[in-house]
Structure formats: structure tokens, C-alpha cells
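Asker: Make a model of this:
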Amino acid sequence: MKSSFNNRPMTPAAKLLQATYLVLLVFVLVAPMLGLYPVFVMKLLCFAIFACAFNLLLGFTGLLSFGHAAFFGSAAYITGYFIKSQNFTPELGILAGVLGAGLIGLVVGYVAIRRQGIYFAMITLAMAQMVYFVCLQAPFTGGEDGLQGVPRGALFGILPLQSDTALYYLVVAVFVAAFLAISRIVHSPFGQVLKMIRENEPRAISLGYQVDRYKLLAFVLSAALAGLAGSLKTLVMGFATLSDVHWTMSGEVILMTLLGGVGTFFGPVMGAGIVITLQNTLADKVGSWVNVIIGVIFVLCVLAFRKGLIGELQAWLERRRAAAAPKV
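Answerer: Alright, predicted model coming up:
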């Protein structure tokens with residue numbers, strides 16, 4: 001068996017990883033038959049796309065954004081508006097949301113990438129708050145009530161999505177496509193340059209790479225994928241609210257990514273799964289205390305697993321492989 005990205009034989013670790021992904025995909029496909037609530041799994045997959053999009057920026061480019069809720073929430077509103085008020089089909093509504101998030105990402109990124117570190121993060125937060133107040137005041141967003149009653153419609157005008165099952169498999173297909181797209185981006189020559197920028201930006205500049213252009217493109221791609229997550233979430237839940245574009249949503253996606261493992265492929269998915277599961281399980285039992293519980297879990301994980309759950313697992317496997325390797 002050959003690797004997907006080169007002609008070298010796959011290592012045992014790569015084969016194990018591929019088999020794990022296949023098992024997880026089969027599990028997701030049969031999840032509704034196992035009694036899992038489809039809307040819950042769809043919501044989880046939407047936030048998993050969101051976390052993976054954020055990880056593309058933080059984990060593989062080294063840029064910490066505090067404003068990714070702007071792209072997630074604005075796409076949610078744009079998709080909801082076009083489907084509900086302009087009678088767009090679901091795929092066109094999602095496309096409008098992704099394009100809108102990408103354009104906002106282009107504007108925010110163009111301003112922010114000229115700074116580094118905490119200055120970059122603060123600019124993204126400030127720009128995101130501007131988007132929040134636009135959503136609060138704009139007439140088509142519903143203000144504090146949000147955009148309610150967004151219909152699911154019919155895919156391409158043919159396949160009705162009113163059924164949770166039909167929409168579920170659409171969301172699964174989009175999630176798999178987004179996951180593979182991010183993997184392809186990271187393994188491409190473009191992705192290798194992003195990693196070099198993350199590890200040693202001055203060296204990348206000295207080699208002749210126009211670093212700002214690479215960072216801006218990564219920022220726009222991350223924003224567009226975050227918009228895809230927000231658009232899907234509106235289609236699944238049937239509404240978009242101010243919480244989607246609030247700064248706390250940016251905090252949640254940072255939490256998901258750090259919890260699962262920054263710079264890993266499956267880490268953000270696991271982190272999103274943990275956070276969304278805790279929120280749905282504990283919200284009706286402990287109320288607002290669920291955020292305190294999640295915060296405590298996060299602090300414990302950061303202290304015990306500095307690389308995140310998946311990151312620590314990968315590091316442990318690497319140590320085992322190195323220990324088992326024959327000594328020369």
C-alpha cells in the first residue's frame with residue numbers, strides 16, 4: 001500500500017491511523033442506527049469543522065486569532081437570510097455564507113497580518129467585535145432575537161432536507177470533504193511553507209517567500225471553512241443568533257483546539273466532541289455552571305496534557321517507536 005501523498009510505502013503508524021479514520025467514518029455513518037440523536041451529531045460535526053478551520057490557522061500557520069466567531073456567525077446569518085428571505089436553495093445559501101465569511105476574512109486578515117503575536121490577536125478580536133455590533137444592529141438579523149425559522153429546503157431543488165436523516169448524511173459528506181481538503185492543504189507545498197513560517201518566519205523570508213501573502217491566504221481559507229461550519233449549523237438548527245458571532249464563541253473554538261491538540265488533524269475533532277457533549281449533557285442539569293466545569297477540565301488537561309489529548313498520544317507513540325527501534 002502506498003501513501004496518498006508520495007510513492008513511499010506507508011509506515012505501520014500511518015496504516016493504523018488510516019484504519020482508525022475508516023472505523024470512525026463507519027461509526028459516524030451508522031450512528032443514527034445506533035440510537036444517537038442525529039441533530040446532536042450534526043451539531044458536533046459542524047463545530048468539528050469550525051475547530052479544524054481554526055487549527056489550520058493556529059496549528060499549521062502559528063497565528064492565534066481571537067475573532068473566528070466573526071466568520072462562523074456572519075456566515076450563519078448570511079445563509080439564514082438568503083434561504084429564508086431570498087428563497088435560495090440550501091447549497092446556494094451555504095455558498096453565499098462561505099463567500100461572505102471569506103470576504104470578511106480577507107478584510108480582517110489584510111489588516112491583522114501586518115502585526116504579530118498578541119497585537120495580531122487583539123486586532124482580530126477588535127474586528128470581530130465590529131462584526132458583532134453590525135449583526136446586532138442590522139435589520140435582517142433580527143437583533144437580539146436572532147434569525148429564527150430558517151427552512152432546510154431541498155438540495156439542488158430536488159432532495160428535501162426536512163428529514164433529519166437526509167440532512168445528517170449531507171453534513172457527514174461535507175465534514176469528510178472539509179477534513180480531506182484541510183489535510184490536502186497541509187500536505188501540499190503551500191502547507192509546507194505555512195509550517196516553515198510557523199517554525200521560523202525570518203528564515204522563510206530569507207528564502208524569498210512572500211510571507212504576508214501566504215499568511216493572508218491561510219487566514220482567508222480558515223475564515224471560509226469557519227463560515228462553512230456556521231452555514232451548516234444554521235441549516236441544522238434552523239436559526240442564527242448573536243451567540244454565534246459573540247467573542248465567547250471564539251473562546252470555545254480555541255478551547256476545542258487546545259483540548260484536542262494544536263497542530264494535529266484529529267485533535268480539534270476530539271476537542272469539539274468533548275466540549276459539545278459536555279454542553280449538551282450538563283446544560284439541563286447544572287445550568288450555567290457547565291462553563292465552569294468545562295473550564296476546570298480545560299485547566300486540568302492543559303496541566304496534564306500540554307500538547308492536547310491527541311498530541312500527547314502521538315508523542316507517547318513516538319517515544320515507544322523510538323524505544324523499540326534497534327540501536328545502531
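Asker: ok now the helix or strand that contains residue 216, how far from the chain's centre?
Answerer: Element membership for residue 216 (DSSP states H and E) is helix 211-237. Chain-centre distance of helix 211-237: 8 Å, with Cα atoms, centre = their mean, to the nearest Å.
Asker: May I ask which helix or strand encompasses residue 303?
Answerer: Element membership for residue 303, per DSSP H and E: helix 289-304.
Asker: give me the element the residue nearest the centre of the chain is part of.
Answerer: Centroid-nearest residue in the chain: residue 50, 2.0 Å away (criterion: Cα atoms, centre = their mean). Residue 50 belongs to helix 38-61 when assigned by DSSP H and E.
Asker: That helix: what's the following helix or strand?
Answerer: In N-to-C order, the element after helix 38-61 by DSSP H and E is helix 69-85.
Asker: Summarise which helices and strands that next one is packed against.
Answerer: Contact partners of helix 69-85 among helices and strands, from 3 or more Cβ pairs under 8 Å, 6 or more residues apart in numbering; DSSP states H and E: helix 90-112, helix 117-137, helix 211-237, helix 247-260. All C-beta atoms are positioned from the backbone trio N, CA, C, and that covers glycine.
Asker: looking at those, which is buried most?
Answerer: Of all these, helix 211-237 has the most neighbours on average by mean count of other Cβ atoms under 10 Å, namely a mean of 25.
Asker: Who are the packing partners of that helix?
Answerer: helix 38-61, helix 69-85, helix 90-112, helix 164-187, helix 189-199, helix 201-206.
Asker: tell me the angle of it relative to helix 189-199?
Answerer: Angle, helix 211-237 to helix 189-199, by axes from the mean of the first three to the mean of the last three Cα atoms, to 10 degrees: 110 degrees.
Asker: Would you mind getting the angle between helix 211-237 and helix 90-112?
Answerer: If you take the same axes, to 10 degrees, helix 211-237 sits at 150 degrees to helix 90-112.
Asker: Okay, angle between helix 211-237 and helix 247-260 too, please.
Answerer: Here the directions of helix 211-237 and helix 247-260 differ by 100 degrees (the same axes, to 10 degrees).
Asker: and helix 211-237 with helix 69-85, angle?
Answerer: Using the same axes, to 10 degrees, the direction of helix 211-237 lies 40 degrees away from that of helix 69-85.
Asker: Grab the nearest non-local neighbour of residue 238.
Answerer: residue 150 (5.0 Å; Cβ to Cβ, 6 or more residues apart in numbering).
Asker: contacting residues around the one you found?
Answerer: Taking Cβ atoms under 8 Å, 6 or more residues apart in numbering, we find residue 150 in contact with 79, 80, 83, 84, 234, 235, 238, 239, 240.
Asker: and it, which of the three is it?
Answerer: Here residue 150 takes the coil state, with states given by DSSP: H, G, I helix; E, B strand; the rest coil.
Asker: Tell me the spacing between it and residue 92.
Answerer: Residue 150 sits 14 Å away from residue 92, going by Cβ to Cβ, to the nearest Å.
Asker: got any residues that touch both of these two?
Answerer: Jointly contacting residue 150 and residue 92 under the rule Cβ under 8 Å, 6+ apart is no residue at all.
Asker: Can you tell me how far residue 278 is from residue 290?
Answerer: Residue 278 is 7 Å from residue 290, by Cβ to Cβ.
Asker: quick one, which of these two is more surrounded?
Answerer: Here residue 278 and residue 290 are compared on neighbour count by other Cβ atoms under 10 Å; more neighbours surround residue 290, at 18 against 15.
Asker: on that earlier part again, and the helix holding residue 50 with helix 117-137, angle?
Answerer: Going by the same axes, to 10 degrees, helix 38-61 makes 150 degrees with helix 117-137.
Asker: can you pull the buried residues of stretch 64-82?
Answerer: Of the residues in stretch 64-82, 65-82 count as buried by neighbour count, 16 or more other Cβ atoms under 10 Å.
Asker: do stretch 39-57 as well
Answerer: 39, 41-57.
Asker: Next: stretch 158-167.
Answerer: So for stretch 158-167, counting by 16+ other Cβ under 10 Å, buried means 161, 167.
Asker: Endpoint to endpoint, it covers what distance?
Answerer: Counting by Cα to Cα, to the nearest Å, you get 13 Å between the two ends of stretch 158-167.
Asker: mean confidence score for it?
Answerer: In this model, stretch 158-167 has a mean pLDDT of 87.
Asker: would you say residue 87 is within a strand?
Answerer: No. Secondary structure of residue 87, determined by three-state DSSP: coil, with no strand assignment.
Asker: Phi and psi next, for it.
Answerer: When read as degrees, to the nearest 10, the backbone of residue 87 gives phi 60, psi 30.
Asker: likewise residue 115?
Answerer: Dihedral angles (degrees, to the nearest 10) for residue 115: phi -120, psi 170.
Asker: I'd like to know how far it sits from residue 231.
Answerer: For residue 115, the distance to residue 231 equals 29 Å [Cβ to Cβ].
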